[in-house]
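J.: quick one, what's the 3D model for this:
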Amino acid sequence: MRALKSGVTLTTYLLLTLCCCGFCVAEYRPPWMRGEVSGPSGVPTVLHNQTKVQQQEEGRNNEKREKQRPRLLSRRYSRLVMSKGSTVTLNCSVEHAGDVLVSWSRGEDLLTVNKLRYTSDDRISPLHEVSSRDFNLRLSNAQHNDSATYTCRVATQPEQVAKVSLDVRDANAVIFGTYEVSVAAGGTLYLLCLVLEVYDIPEYILWYHNARIIDYTNPNINVIIEEATRSCELQVRHMNFTDAGNYTCQPSNAAPATTVVTVFKDTGRKKGRTQKCDDCVLFLQLGATFAFFTLSFVIAFCCHARRQHLTMPWRRYSLSDDVYLPPDYCDKIL
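T.: Residues are numbered from 1 along each chain as shown. Alright, predicted model coming up:
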């Protein structure tokens, strides 16, 4: 009976021990789950790795947001010179604009905001299309009082600004040569018109003869326009006395220029003498140039020979490259 009680007691202790061990095992967590293993900065390894992953994710998100942030692409400052009466477009490009407000102002005066105009000046108009990154400002028929600094502002934090300094100048045309031009009857008239102080291509350049527009369809008239140089050449063949008078060059964006053309009667003999005289002048110029260089060479050669003769007088007796020494010269040395 005593042995039975001892066995029951032992069994009870064993059961209690197993229960306690099971509870402890259930509550036990490995060190890597409890965060007891420290990283390089004293932070548990698991937490350190999680923090690092979160920081990388936040960095990528910030970089993505920064790329999608409205960014001004235009130059911060530029200068533009144009002629009076011209039309100019000021550019302001914004990447990823979205719903941000982009405005143009002149000094303290607000001109436009996005596609809306806030000025009573009809010459100013905003140019912007939906989903376009260009917020441009167009100014037509520019005048001297339009010379100012125009500012494009992007309403971000911080604000992004681009400035354009506009300078409006007077443009004028000039006919190359003298004020009066003389042409022989039956000859060809050549007039070259240059447009100065103009920075945009003229829409047209007209020629007038005594306040009358010249007919470009006339087979004796030829007009050549060079857009790159802003010039226009007028050629009138077989000139007669009725073609004399005032010739005016009128560009679309510059003040006109006028020259007076006279037609005189000429003979073939006079023309031949003139051509022969021109040939003689050219020949004389070439001959004078050749004579000048020849004379300079001869003088330089003579001066060099004279210098050698004075410093070493015995060289005149030498018949080869060996130097000839006179006997008295050798006695002096000895």
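
J.: wait, S125 sits on N136?
T.: No - using C-beta atoms under 8 Å as the test, S125 is too far from N136 to be in contact (9.3 Å). Using the backbone N, CA and C atoms, a C-beta is placed for each residue, glycine as well.

J.: ok, now which ones touch W104?
T.: Taking C-beta atoms under 8 Å, 6 or more residues apart in numbering, we find W104 in contact with 90, 92, 110-113, 126, 135, 137, 150-153.

J.: apply 6 Å and report the result again.
T.: By C-beta atoms under 6 Å, 6 or more residues apart in numbering, the contact set of W104 is 111-112, 137, 152.

J.: one more: I214?
T.: Contacts of I214 (C-beta under 6 Å, 6+ apart): W207.

J.: relative to S131, how far out is the residue nearest to L111 when sequence neighbours are not counted?
T.: The shortest distance from L111 to any non-neighbouring residue, by C-beta to C-beta, 6 or more residues apart in numbering, is to W104 (4.6 Å). Between W104 and S131 the computed distance is 20 Å (C-beta to C-beta, to the nearest Å).

J.: cool, and V223?
T.: Distance, V223 to S131, by C-beta to C-beta: 44 Å.

J.: just L72 next, same as before
T.: From L72 to S131 the distance is 18 Å (C-beta to C-beta).

J.: secondary structure element for the nearest residue to I213 once chain neighbours are set aside?
T.: For I213, ignoring the flanking residues on the chain, the nearest one in space by C-beta to C-beta, 6+ apart is L206 at 6.0 Å. L206 is located in strand 205-209, with elements delineated by DSSP states H and E.

J.: by contact count, what packs against that strand?
T.: strand 245-251 (3 or more C-beta pairs under 6 Å, 6 or more residues apart in numbering; DSSP states H and E).

J.: direction included, what does the strand it packs on pair up with?
T.: The strands that strand 245-251 pairs with in its sheet are strand 205-209 (antiparallel), strand 257-264 (antiparallel) (by DSSP bridges).

J.: just send the ones you listed back as JSON lines, with distance to Q250, mean pLDDT and mean neighbour count too.
T.: Putting the strands paired with strand 245-251 into JSON lines (distance: least, C-beta to C-beta, whole Å; pLDDT from 0 to 100; neighbours: other C-beta atoms under 10 Å) gives the following:
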{"stretch": "strand 205-209", "distance to Q250": "5", "mean pLDDT": "93", "mean neighbour count": "19"}
{"stretch": "strand 257-264", "distance to Q250": "8", "mean pLDDT": "93", "mean neighbour count": "16"}
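
J.: could you dump these into JSON lines with distance to S78 added?
T.: Shown next, in JSON lines, are these (distance: least, C-beta to C-beta, whole Å):
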{"stretch": "strand 205-209", "distance to S78": "29"}
{"stretch": "strand 257-264", "distance to S78": "31"}
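
J.: so for E197, which of those strands sits nearest?
T.: Relative to E197, the nearest member of the strands paired with strand 245-251 by C-beta to C-beta is strand 257-264, separated by 12.7 Å.

J.: what comes into contact with that closest one?
T.: Residues from elsewhere that reach strand 257-264, judged by C-beta under 6 Å, 6+ apart: 173-175, 179-183, 185, 239, 241, 244, 246-249.

J.: out of those residues, flag the one nearest to V195.
T.: Taking C-beta to C-beta as the measure, V195 lies nearest A173 of the contacts of strand 257-264, at 5.3 Å.

J.: any stretches of the stretch 201-334 of the chain with poor pLDDT?
T.: Within the stretch 201-334 of the chain, the stretches with pLDDT under 70 are 267-298, 300-301, 303-334.

J.: bridged to Y247, which residues?
T.: For Y247, the beta-bridge partners are H209, T259 (DSSP bridges).

J.: do you know the pLDDT at the residue nearest to L111?
T.: pLDDT for W104: 95.

J.: which residues in this structure form helices?
T.: Secondary structure of the chain (DSSP state H): helices located at 2-27, 31-34, 45-67, 268-311, 327-333.

J.: list the buried residues in stretch 239-246.
T.: Of the residues in stretch 239-246, 239, 243-244 count as buried by neighbour count, 16 or more other C-beta atoms under 10 Å.

J.: TSV please, covering these and showing distance to A257.
T.: Shown next, in TSV, are the buried residues of stretch 239-246 (distance: C-beta to C-beta, whole Å):
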residue	distance to A257
M239	20
D243	19
A244	18
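
J.: which one of those residues sits closest to E159?
T.: With C-beta to C-beta as the yardstick, the closest approach to E159 among the buried residues of stretch 239-246 comes from D243, at 63.9 Å.

J.: in terms of secondary structure, what does the strand ranked longest in the chain contact?
T.: Counting residues, the longest strand found in the chain (DSSP state E) is strand 160-169. Identification of packing neighbours for strand 160-169 by 3+ C-beta pairs under 6 Å, 6+ apart yields strand 77-83, strand 148-154.
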